[in-house]
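> this is a predicted model, with the sequence first.
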Amino acid sequence: MTHTDESVLSAVGVSAGYGSGSRSRSVLHDVNVAVPRGGTMGIVGESGSGKSTLAQVLVGRLTPTRGVVRLDGTDVRRLSRRERFAARRRIQLVPQDPYSSLDPRMSVERTLAEAIDPRGRLRAGAHRERITELLESVALDGSAAKRLPHEFSGGQRQRIVIARALAVRPEVIIADEVTSSLDTSVQAEILELLLDLRERLGLTYVFITHDLAIAQYMCTDLSVLYLGTVVEQGTTDVLTRPAHPYTELLRDSRPDPSGRSTPAAAGGLATEDAADPASPPSGCVFHPRCRYGPRTHEDRTRCAVEPPNLADLLPSRERRAACHYPIKAVIQDEEGP
Ligand SMILES: Nc1ncnc2c1ncn2[C@@H]1O[C@H](COP(=O)(O)OP(=O)(O)OP(=O)(O)O)[C@@H](O)[C@H]1O
């Protein structure tokens, strides 16, 4: 996962934010994420940690203030305008809200025709076959083509949004909280559809979610984001055996079966506890909420002063954590008795 030459898409040392001059807000700080071809890179973290901002950077809608986005190893800034246009089509975003992302006045047929042929070069009706194929690929029947978005349920609308993303035959789909506005049973259907499409079309996904159970089910790899900083990265094993105290906190704060969030051992997971990514704490961004650093280690000031690098923890298993004192169990397991 960390080898950029195997990655279809990567962010290398990316910082990004909003606004300009004195009003600028820096949200992402030196983010490194490499999306493995054919895999699913999950981006998890609390609300406001910068997940959607990272999606905007990866899809090319937000320009990093530092660092680069690479597509097949090439810095996208080095592409010509024409190449950049082609590159954009290779990466498609499926946003969270299927209600607001479809034009209410446009039939499904027109929505898909515009995606297939944005410059309207081909005659009307030329895309009929492709539209039927796209609707079939998301398990909607051909009669959907003439209808307007309001005639569909939330799950069906999300299928239309997915079909629109597929219209340009992308290689990478960035799915940003795609099921969070849907009922649980409909969520499961959409997740199955995405998994099926990944297999059938050989897609690569970036899958953004705050739901760890969904992340574990969907993803091959994970990056844990906290206040705009990647604090841990690896396979989905990250969630079962966290090395970073924040990942552990996330794991321990999973909702119970009734859907309520259980209070975490340290600090809770209430979003109001979290600081602003635009003004993160000094040193390790997580140190004010960390259950280990201040209590366990003599050298308490280190966590408050020195920012930890996202360093390889287990080279053979490609686990990285940005922590001066990563949870030892992970390292000991790897080293054996
Ligand atoms: N268009 C914008 N202009 C200014 N600030 C923004 C904009 N979009 C997001 N932000 C800010 O950037 C920070 C990160 O937001 P972002 O939406 O990327 O986080 P997130 O992890 O996706 O959160 P959520 O799960 O709630 O969507 C927040 O402080 C947010 O207020």
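Yes, it's here.

> what does this protein put close to the ligand?
For the chain, the contact set with the ligand under Cβ under 6 Å from any ligand atom comprises 18, 25, 27, 45, 47-53, 210, 276-277. The way it works is simple: take the backbone N, C-alpha and C, and place the C-beta from them, glycine included.

> how about G155, what does it touch?
L182, D183, V186, E189, I190 (Cβ atoms under 8 Å, 6 or more residues apart in numbering).

> now the residue of the stretch 101-250 of the chain found nearest the ligand: phi and psi?
In the stretch 101-250 of the chain, no residue comes nearer to the ligand than H210, which is 5.4 Å away by Cβ to the nearest ligand atom. Phi and psi for H210, reported as degrees, to the nearest 10, are phi -100, psi 0.

> list the contacts for it?
So H210 contacts V44, G45, E46, S47, K51, E177, S180 (Cβ under 8 Å, 6+ apart).

> now do 6 Å
Listed by Cβ atoms under 6 Å, 6 or more residues apart in numbering, the contact set of H210 is empty.

> what's the local residue count around the closest residue to L134 other than its chain neighbours?
The spatial neighbour of L134 that comes closest, neighbours along the chain excluded (Cβ to Cβ, 6 or more residues apart in numbering), is A163 at 4.4 Å. Counted by other Cβ atoms under 10 Å, the residues lying close to A163 total 23.

> shouldn't A163 be in contact with L140?
No. Counting by Cβ atoms under 6 Å, L140 is not a contact partner of A163; they are 7.2 Å apart.

> at which residues are the strands of the stretch 101-250 of the chain located?
Assigned by DSSP state E, counting those that start in this stretch, the stretch 101-250 of the chain shows strands spanning 172-176, 204-209, 221-226, 229-235.

> as CSV, those strands with mean neighbour count would be great.
As requested, the strands of the stretch 101-250 of the chain are arranged in CSV below (neighbours: other Cβ atoms under 10 Å):
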stretch, mean neighbour count
strand 172-176, 24
strand 204-209, 25
strand 221-226, 26
strand 229-235, 25
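
> and the residues of the chain next to the ligand, which are buried?
V27, G45, G48, S49, G50, K51, S52, T53, H210, P277 (16 or more other Cβ atoms under 10 Å).

> now for those: which two are most distant?
V27 and H210 (16.2 Å; Cβ to Cβ).

> can you flag which of the residues of the chain next to the ligand belong to strands?
Under the assignment DSSP state E, these contribute Y18, R25, V27 to strands.
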